[in-house]
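Q: Here's a sequence, model it:
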Amino acid sequence: MAKILLLIALALCVVSVNSHICLLSPRQRGSLRNINKAGSNSCIRLSGPCGGQKAMKPAITLVGGSKFTVVFQKNLNHWANGATHGMFNISIGMVKSGKVEPHSFMPLASVPDTNTPSLWVYTQDVMIPKKTIGTGVLQVVYITDNSKAPSKFYQCADIMVH
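A: Numbering: from 1, shown residues only. Alright, predicted model coming up:
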């Protein structure tokens, strides 16, 4: 019985330290399944860039030099009292030969993480660079700045910029 209780306690610890982020607009790569449920597997991507998700057909065409509102969801709250507080970084990067160029990302905005609940939806206006990049990605990275969790979570949306 003690082993079972220990396993349950460890499982609860693992669940409590996973943080998730979903990119709603533009639409993220991969599934949007169960995004209205805290802890959705569609919203956990731990490797950058783009969480290891395969490229998709561009979800949207954006005009360089124009404003765009990025919409993303903190699918599972990972803000913690006593911890330094993280942020959500929004950037745009280039794709060449079907692959994201990791060093091409240009920062567009940074949004502080606050103690908003799971499933909280954020909106952030960004200025799309005037430079035409053609096929690219818009990426949101959740930097948790919390030692009890993975340091970063990634989501990307495939875009065109003209």
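Q: Contacts only, for Leu138.
A: Shown in contact with Leu138 (CB atoms under 8 Å, 6 or more residues apart in numbering): 23, 26, 70, 90-92, 108, 156-157, 159. Bear in mind the C-beta positions are built from the backbone N, C-alpha and C, glycine included.
Q: Give the bridge partners for it, please.
A: In this entry, Leu138 is beta-bridged to Ile92, Ala157, by DSSP bridges.
Q: where along this structure do the helices fall?
A: Assigned by DSSP state H, the helices in the chain fall at 2-17.
Q: Glu101 contacts Gly93, doesn't it?
A: Yes - between Glu101 and Gly93 there is a contact at 6.3 Å, judged by CB atoms under 8 Å.
Q: The two - which one has more neighbours?
A: Higher neighbour count among Glu101 and Gly93: Gly93, with 20 against 15, using other CB atoms under 10 Å.
Q: Tell me the pLDDT of that one.
A: Reported pLDDT at Gly93 in the predicted model: 94.
Q: And the residue nearest to Thr61 when sequence neighbours are not counted, how far from Gly93?
A: With sequence-adjacent residues excluded and distances taken as CB to CB, 6 or more residues apart in numbering, Thr61 is closest to Met160, at 4.3 Å. When CB to CB, to the nearest Å is the yardstick, Met160 and Gly93 sit 13 Å from each other.
Q: Fine by me, thanks again.
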